[in-house]
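In: Next input, structure requested:
(2 chains)
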Amino acid sequence: MQALVIAAHGSHLNPDASTPTYAHADTIRETGAFDEVREAFWKEEPHFREVIRTLESDEVFVVPLFISEGYFTEQVIPRELRLDDWDPDKWESDGTSASQVTLEATDVGKTIHYCGPVGTHDAMTDVIVQRAESVTEDPDVGEGVGLAVVGHGTERNENSAKAIEYHTERIRERGRFDETKAVFMDEEPEVDDVTDFFESEDIVVVPLFIADGYHTQEDIPEDMGLTEDYRLGWDVPAEVDGHRIWYAGAVGTEGLMADVLLERAADAGAKLGDAIDRVRHRTSTASGADGDAERHSQAGD
Amino acid sequence: MDDSSTSATQRLLATLTAAADDEHPSSVTFDGLQATRNETGQFSLTIDHADIHQPDLERSALESLLDGEEIGGVAAYVTNWHYWQETVGGEGTARRAFLRWCERAPLVEGTRDESADGDTDTGIGIGTGTGTDIGAVPDRYAALQDGIDREWGQLCITTRFADVDHPDGERVYDLWHVDDAETDIADLTVYDDPREAREIATYDEDGRYRPLKTAPTLETGWAFTGLSGEELVDAVGFFYPATIANWHREREGNLDVDHWTETADRQSGIYEVVSELPREAVDWMAEACCVDSQCLRRREWQYEDGDELDANGGDGPFPCREPCSLVVAAARKWAIAESESERTYELELTPTERNQLEELIDAVADGRTDEIREADVNDGANRYRARYLRAKRFSDEGTLEMREHSESESESESASGGESESKSD
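Out: Below you'll find the predicted structure:
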């Protein structure tokens, strides 16, 4: 038997934080590719600490639903799962290239394939592009349009920005959008000044965040000048400084994220049959996993 | 006998035959039923509770015995074997143990009927509800006709036969809120997909988010009916994650409790500070957060091994094996707050106002602010009463007016006897 554990942050305050986790888990459950699929959280239940014991499978694939390699993927999750032999060096990662390492969870004696986070997988690039399609409702979006990928960015973890830049570069190489740039909340270039960095009149802004919450639904829309007050909502597109900004919610709510989770598990040796193809087919029509496109006016806790 | 018990008989015979050859006997031993095939191909059937001891049977004779055509009640043992060994399976799993518990079946599936020898709960013997195990299969079958109820936190679980008129041993499970026990099913919203439990468990009766799944605030008004055993375990897992696994580990004697100091020392980042929480503050924290009025898990963790906390850990069926993420997050707040040194403040309050402060704190701590009637000005936590106190005692800056005392002053002040009028309760 094989099991998939989706390890996400969750929230003590915001009931929507876990919504995408559940949605992607359900998409994967419906493929039947795993005998068991379990959501696990840092701030909700089942906690990372207690999730493995809820499984009957001997072989468990743990995929962190996080954007970048860093504190959670390198310290918190392995520690809480009791992966005693874990060492971040075992991923042999340059900051965005972690794939998987096979370890034992010492409380249950099961084999754990501890995977890199979804956010740094190559398949994530496609999710960002699909996000742009779903926001604009244009499956061919690109020509005459600029794409801004927004990251948290933080001085504490350089990998946070690396993941954003990695996907931005990959999209740029495809030449699909007239301009593709990475912008950040906490560092230069800042999302506040997004219109300064683009010549294109239309700018699609995709936040590389796992779930909607304070940053994606309050901070960023106000910082970009989409709205005076997030509670009033904003238009899509919204006019700012002579540009049209297309902004919805976190990329992590995109249905295609389920594909990235499966790709991570497959890279780690999970036997999935044609589940990846089926999930890609099912989620490739641009739509949010939880209907988030309509949620921007209902943001907040 | 109906087709299903015949099929259970055939499955049992096939199991006996498949495992045996001319050299090796084989046997099926389960819940009081013992059927064997010896080296010579002869069969025997023993059911102590039904006083059946039949050696040297031909296959056809065993078959008709198992079908229940000769001695009433035998078929129940056969369909019971089929349900547990072939439908449920999962020997040694928490899932199987939980489903056994649901119908009060002995957890130890011994070779003999374990009727009337009491609860087989290990250790502390809590969480078994009011009754004991129903060891004998015919007794359990009689109870399953009506349904067997068990409580798991605020969940009520009924185990019953899928087909009451023609019981074939297959069980189904109904799940609802304990407070809905007397509610007509027609007045409940009925679900059949265990995943629906996630949404129900997310909000309380007032629509507020429930960050702690085992808080006693599960809303009422819903029911899951006709779940399979696997679906029941999934649904309970969504309502109360990991409780079955930890309950099972406790029964098996290998619950891995992490006491406060172990959990605190493990924390990093912004939670590293929680290990600085003073010893006595951990007692206050457990009293604040972990008693049954706040969380239905039974707290098994202590300050550290051999150093127990004062607060009552509760008496629910499922254990709490370490401080949860909510406790750790709150502990961070308290650890930082407790690093401040105490001061002495002086402020003017009438005795009634002093009492009112206590009533306000109690009302918030007991979560009863919503229940206080708008015009009930006798309640110190009434909104008008609180607004009056604020209007009278808060400064223009919105803070309670008081003076901070230096130590030498407080000594001379305390001699002035200003507290003589305050009530001592």
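In: Can you list the low-confidence ranges for chain A?
Out: A:155-156, A:285-301 (pLDDT under 70).
In: For it, what lies in contact range of chain B?
Out: Contact residues, chain A versus chain B (Cβ under 8 Å from any Cβ of the partner chain): A:11-15, A:22, A:26, A:42-47, A:49-51, A:53-54, A:56, A:71, A:75-76, A:79, A:107, A:301. Every C-beta, even on glycine, is put in place using the N, C-alpha and C of the backbone.
In: Can you show me the helices along the chain?
Out: No chain specified, so I'll use chain A. For chain A, applying DSSP state H gives helices covering A:19-31, A:48-51, A:77-80, A:123-136, A:158-174, A:214, A:220-223, A:257-267, A:275-283.
In: wrong one, I was asking about chain B
Out: Secondary structure of chain B (DSSP H): helices located at B:3-19, B:59-66, B:74-82, B:94-102, B:137-146, B:196-202, B:229-239, B:243-251, B:260-266, B:279-289, B:325-338, B:351-365, B:383-393, B:407-414.
In: Can you check which of those gets nearest to chain A?
Out: Nearest of the helices of chain B to chain A, taken as Cβ to the nearest Cβ: helix B:243-251 at 4.3 Å.
In: Which other helices and strands does that closest one contact?
Out: In terms of contacts (3 or more Cβ pairs under 8 Å, 6 or more residues apart in numbering or on different chains; DSSP states H and E), helix B:243-251 is packed against helix B:94-102, helix B:229-239, strand B:319-320.
In: Just the residues contacting the shortest one, thanks.
Out: Think strand B:319-320. With contact meaning Cβ atoms under 8 Å, 6 or more residues apart in numbering or on different chains, strand B:319-320 is reached by B:214, B:246-247, B:250, B:255, B:257, B:290, B:295, B:297-301, B:313.
In: Let's see which of those end up in strands.
Out: Using DSSP state E, B:298, B:299 are the members of these that sit in strands.
In: Adding pLDDT and neighbour count, write the contacts of strand B:319-320 out as TSV.
Out: Below are the contacts of strand B:319-320 laid out as TSV (pLDDT from 0 to 100; neighbours: other Cβ atoms under 10 Å in any protein chain shown):
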residue	pLDDT	neighbour count
B:214	98	25
B:246	98	26
B:247	98	24
B:250	97	24
B:255	97	16
B:257	98	17
B:290	97	24
B:295	97	22
B:297	98	27
B:298	98	23
B:299	98	24
B:300	98	18
B:301	98	25
B:313	95	19
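In: picking that back up, taking the helices of chain A together, which one is wrapped up most tightly?
Out: Among the helices of chain A, ranked by average contacts under mean count of other Cβ atoms under 10 Å in any protein chain shown, first place goes to helix A:257-267 (a mean of 26).
In: contacts for it?
Out: The contact list for helix A:257-267, computed with Cβ under 8 Å, 6+ apart, reads A:4, A:6, A:20, A:23-24, A:27-28, A:31, A:33-34, A:61, A:63, A:65, A:99-100, A:113, A:115-116, A:118, A:121, A:123-124, A:126-127, A:251, A:270, A:272, A:275-276, A:279-280, A:283, A:289.
In: Residues in a beta bridge with residue B:161, which ones?
Out: Beta-bridge partners for residue B:161, by DSSP bridges, are residue B:171.
In: Could you count how many residues lie near it?
Out: Residue neighbour count, defined by other Cβ atoms under 10 Å in any protein chain shown, stands at 20 for residue B:161.
In: measure it to residue B:235 for me?
Out: 19 Å (Cβ to Cβ, to the nearest Å).
In: re the thing from before, could you identify which of the helices of chain B is most buried?
Out: helix B:74-82 (a mean of 26).
In: got the angle between that one and helix B:3-19?
Out: 60 degrees (axes from the mean of the first three to the mean of the last three Cα atoms, to 10 degrees).
In: Touching helix B:74-82 from outside, list them.
Out: Helix B:74-82 is touched from outside by B:1, B:4-5, B:7-9, B:11-12, B:28, B:30-33, B:45, B:47, B:50, B:52, B:65-68, B:137-138, B:140-141, B:167-170, with contacts defined as Cβ under 8 Å, 6+ apart.
In: hmm, back to that, any chance of the helices of chain B in JSON lines, plus distance to residue A:195?
Out: Formatted as JSON lines, the helices of chain B follow (distance: least, Cβ to Cβ, whole Å):
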{"stretch": "helix B:3-19", "distance to residue A:195": "71"}
{"stretch": "helix B:59-66", "distance to residue A:195": "81"}
{"stretch": "helix B:74-82", "distance to residue A:195": "70"}
{"stretch": "helix B:94-102", "distance to residue A:195": "56"}
{"stretch": "helix B:137-146", "distance to residue A:195": "69"}
{"stretch": "helix B:196-202", "distance to residue A:195": "38"}
{"stretch": "helix B:229-239", "distance to residue A:195": "45"}
{"stretch": "helix B:243-251", "distance to residue A:195": "52"}
{"stretch": "helix B:260-266", "distance to residue A:195": "46"}
{"stretch": "helix B:279-289", "distance to residue A:195": "48"}
{"stretch": "helix B:325-338", "distance to residue A:195": "38"}
{"stretch": "helix B:351-365", "distance to residue A:195": "47"}
{"stretch": "helix B:383-393", "distance to residue A:195": "46"}
{"stretch": "helix B:407-414", "distance to residue A:195": "60"}
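In: Check those helices for me: which has the lowest mean pLDDT.
Out: Set side by side, those differ in mean pLDDT, and helix B:407-414 is lowest with a mean of 49.
In: Touching, residue B:228 and residue B:172? I think so.
Out: Yes: between residue B:228 and residue B:172 there is a contact at 6.8 Å, judged by Cβ atoms under 8 Å.
In: Any idea how many residues pack against the closest residue to chain B within the stretch 101-250 of chain A?
Out: When scored by Cβ to the nearest Cβ, the stretch 101-250 of chain A has residue A:107 as its residue closest to chain B, at 5.8 Å. By the criterion of other Cβ under 10 Å, residue A:107 has 16 neighbours.
In: what number of residues lie near the nearest residue to it once chain neighbours are set aside?
Out: Of all residues not flanking residue A:107 in the chain, residue A:82 sits nearest, at 5.0 Å (Cβ to Cβ, 6 or more residues apart in numbering or on different chains). Neighbourhood size, residue A:82 [other Cβ under 10 Å]: 18.
In: my read: residue A:82 touches residue A:110, true?
Out: No: using Cβ under 8 Å, residue A:82 is not in contact with residue A:110; the gap is 10.3 Å.
In: list residues touching both of the two?
Out: By Cβ under 8 Å, 6+ apart, residue A:82 and residue A:110 have these common neighbours: residue A:52.
In: can you list the residues of chain B near chain A?
Out: Contact residues (Cβ under 8 Å from any Cβ) of chain B with chain A: B:90, B:93-95, B:195, B:198, B:202-203, B:209, B:211-214, B:237, B:241-242, B:244-246, B:249, B:256, B:266, B:268-269, B:321-322, B:324-326, B:329.
In: hang on, the earlier thing: dump the residue contacts of the residue nearest to residue A:107.
Out: Here residue A:82 is in contact with A:49, A:52, A:105, A:106, A:107 (criterion: Cβ under 8 Å, 6+ apart).
In: For it, give me phi and psi.
Out: As for residue A:82, its main-chain torsions (degrees, to the nearest 10) stand at phi 60, psi 40.
In: mind checking how far it is from residue B:252?
Out: Computed as Cβ to Cβ, the residue A:82 to residue B:252 distance reads 18 Å.
In: With respect to residue A:167, which of the helices and strands packed on helix B:243-251 lies nearest?
Out: Nearest of the helices and strands packed on helix B:243-251 to residue A:167, taken as Cβ to Cβ: helix B:229-239 at 33.5 Å.
In: Which other helices and strands does the closest one contact?
Out: helix B:94-102, strand B:155-161, strand B:171-177, helix B:196-202, strand B:222-227, helix B:243-251.
In: at 6 Å instead, please
Out: Here helix B:229-239 touches helix B:196-202, going by 3 or more Cβ pairs under 6 Å, 6 or more residues apart in numbering or on different chains; DSSP states H and E.
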